[in-house]
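>>> sequence? don't have it. structure:
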Ligand code: AMP
């Protein structure tokens, strides 16, 4: 089963992705984690993306798409992909569709965790303390939220027509959200 967890930063995508990888013995594909790793390892990609990441801006589609390719074609991960933070643009959504087609896979479920700005700010502040994420200062948080809402709107419109699309109230307790997802997946 391949699943996209979609929603603004701080909506709890990572938490629900972790819940699902446990339940489904799948793999969490977090482009945010992959990009942070490139910066940490000081790779060529890392050097190119550090400014955008720190400013809360999106990383170039070509860079993110290229990181995805290896993963989608990895036999071990076939039909066990839980996408967290990807796709974020229409170009990424189309790239994903293309890669899945080429590898004889499909998208089984798309979950949109919908949550308002106030709840997001509170959650990200908490995460900042717990995980010491350097890009999470207050201005960056707002930038990330606004960028997300602006750029991902077409992606949301694109997926919301899909019969596998499910909108979930992301301001509910973590456990409630997991239960809702579990119910939809019939687990
Ligand atoms: P995240 O951990 O998913 O909140 O992502 C942290 C940051 O990584 C974002 O603010 C972007 O700068 C970058 N990023 C992560 N995923 C993507 C993506 N799919 N497309 C573009 N930029 C991304």
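Yep, that arrived. The structure displayed is predicted, hence computed values, not measured ones.

>>> For the residue nearest to the spatial centre of the chain, give me its contacts.
For the chain, residue 85 is the residue whose C-alpha lies nearest the centre (C-alpha atoms, centre = their mean; 1.5 Å). Residues near residue 85 by C-beta atoms under 8 Å, 6 or more residues apart in numbering: 13, 14, 30, 31, 32. All C-beta atoms are positioned from the backbone trio N, CA, C, and that covers glycine.

>>> Next: residue 7.
Residue 7 sits in contact with 13, 111, 112, 113, 114, 115, 170, where contact means C-beta under 8 Å, 6+ apart.

>>> cutoff 10 Å now
13, 16, 84-85, 111-115, 120, 148, 152, 156, 167-168, 170 (C-beta atoms under 10 Å, 6 or more residues apart in numbering).

>>> Now it: closest residue in space that isn't a chain neighbour?
Leaving aside its chain neighbours, residue 7 sits nearest to residue 113 (3.5 Å; criterion: C-beta to C-beta, 6 or more residues apart in numbering).

>>> The helix or strand hosting that neighbour near the ligand at all?
Per DSSP states H and E, residue 113 falls inside strand 109-114. No - contact of strand 109-114 with the ligand (C-beta under 6 Å from any ligand atom) is absent, the minimum separation being 12.5 Å.

>>> where does the residue of the chain found nearest the ligand land in three-state SS?
The nearest approach of the chain to the ligand comes at residue 32, 2.0 Å away (C-beta to the nearest ligand atom). Following DSSP: H, G, I helix; E, B strand; the rest coil, residue 32 is assigned to helix.

>>> list the helices and strands the helix or strand just after the strand holding residue 113 packs on?
Counting by DSSP H and E, the next helix or strand C-terminal to strand 109-114 is helix 117-131. In terms of contacts (3 or more C-beta pairs under 10 Å, 6 or more residues apart in numbering; DSSP states H and E), helix 117-131 is packed against helix 13-24, helix 138-160.

>>> got the angle for helix 117-131 vs helix 13-24?
Interaxial angle, helix 117-131 versus helix 13-24 (axes from the mean of the first three to the mean of the last three C-alpha atoms, to 10 degrees): 70 degrees.

>>> Is there any residue in helix 117-131 that contacts the ligand?
No - counting by C-beta under 6 Å from any ligand atom, the ligand is not contacted by helix 117-131; separation bottoms out at 9.1 Å.

>>> and the angle from that helix to helix 138-160?
Going by the same axes, to 10 degrees, helix 117-131 makes 120 degrees with helix 138-160.

>>> For the protein, what lies in contact range of the ligand?
9, 31-32, 35, 52-53, 56-59, 64, 85-86, 88, 92, 144.

>>> that older thread, now the strand holding residue 113 against helix 138-160, angle please.
140 degrees.
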